[in-house]
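K.L.:
okay, here's the prediction I keep looking at, along with the sequence it came from:
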Amino acid sequence: MLESQFVMREESLAAIQRIIDGLVEDAGARGVFVIDTIGQSIAQAGALASLDTTSLASLAAGCIAATEGLAQLLGEKEFPTHFHQGERDSLHMTRVGARGILIVVFNLQSSLGLVRLRVRKASAELATVFEDARKKSNSEGAGKSTAFSDITNEEIDNLFPD
């Protein structure tokens with residue numbers, strides 16, 4: 001099911017940034033990213049300046065989507081958590097509600113157990129921020145008119161005569 005779009009306000013983005021800044025510190029992560037399910041970056045923290053974050057976001061979203069297909073084949077609703085271990089760096093990804101993905105990049109100076117523990121708390125906080133942002137967006141947008149809602153068909157015809 002496609003989710004309706006919503007506007008994320010500055011206070012929501014600031015809350016997300018506070019959460020992931022804390023996660024970098026608490027988990028000993030090299031970097032933390034929050035993206036949406038189509039691969040658009042929402043926020044990032046940490047010291048990964050050399051990383052192509054656009055590619056990371058796109059590939060992570062694709063990985064999550066592909067894994068959801070695998071889950072369905074096995075009769076599961078989803079596999080919400082993903083872990084990839086490399087020689088130097090590891091990657092932990094988890095779904096955050098219906099809209100977000102939390103990505104943590106960490107190395108041997110941290111442990112998977114610590115990352116999982118800290119991600120559990122951060123993802124719950126992020127899910128609350130996403131839900132609050134969705135509710136605010138829906139309530140603010142319910143009574144608003146669009147830029148074209150006040151224009152009549154007659155006015156449009158006058159603008160574009162045959």
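P.N.:
Received the coordinates, thanks.

K.L.:
and the helix or strand hosting Thr67, what's buried?
P.N.:
Assigned by DSSP states H and E, Thr67 falls within helix 53-73. Buried residues in helix 53-73, counting neighbours by 16 or more other CB atoms under 10 Å, are found at Leu56, Ala57, Ser58, Ala60, Ala61, Cys63, Ile64, Thr67, Glu68. Just so you know, the C-beta spots here come from the backbone N, C-alpha and C atoms, and that holds for glycine as well.

K.L.:
how far off centre is that helix?
P.N.:
12 Å (CA atoms, centre = their mean, to the nearest Å).

K.L.:
that helix - contacts with which helices or strands?
P.N.:
Under the contact definition 3 or more CB pairs under 8 Å, 6 or more residues apart in numbering; DSSP states H and E, helix 53-73 sits against strand 31-36, strand 41-46, strand 81-85, strand 89-96, strand 100-107.

K.L.:
right, and Ile16 touches Ile42 too?
P.N.:
Yes. Judged on CB atoms under 8 Å, Ile16 makes contact with Ile42 at a distance of 6.4 Å.

K.L.:
who touches both of the two?
P.N.:
Contact criterion CB atoms under 8 Å, 6 or more residues apart in numbering; residues shared by Ile16 and Ile42: Val34.

K.L.:
okay if I get the helices and strands packed on helix 53-73 as a markdown table plus mean pLDDT and mean neighbour count?
P.N.:
Formatted as a markdown table, those follow (pLDDT from 0 to 100; neighbours: other CB atoms under 10 Å):
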| stretch | mean pLDDT | mean neighbour count |
| --- | --- | --- |
| strand 31-36 | 94 | 24 |
| strand 41-46 | 93 | 20 |
| strand 81-85 | 92 | 13 |
| strand 89-96 | 94 | 20 |
| strand 100-107 | 94 | 23 |
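
K.L.:
Leu73: which of those is closest?
P.N.:
Nearest to Leu73 among the helices and strands packed on helix 53-73 is strand 81-85 (16.3 Å), distances taken as CB to CB.
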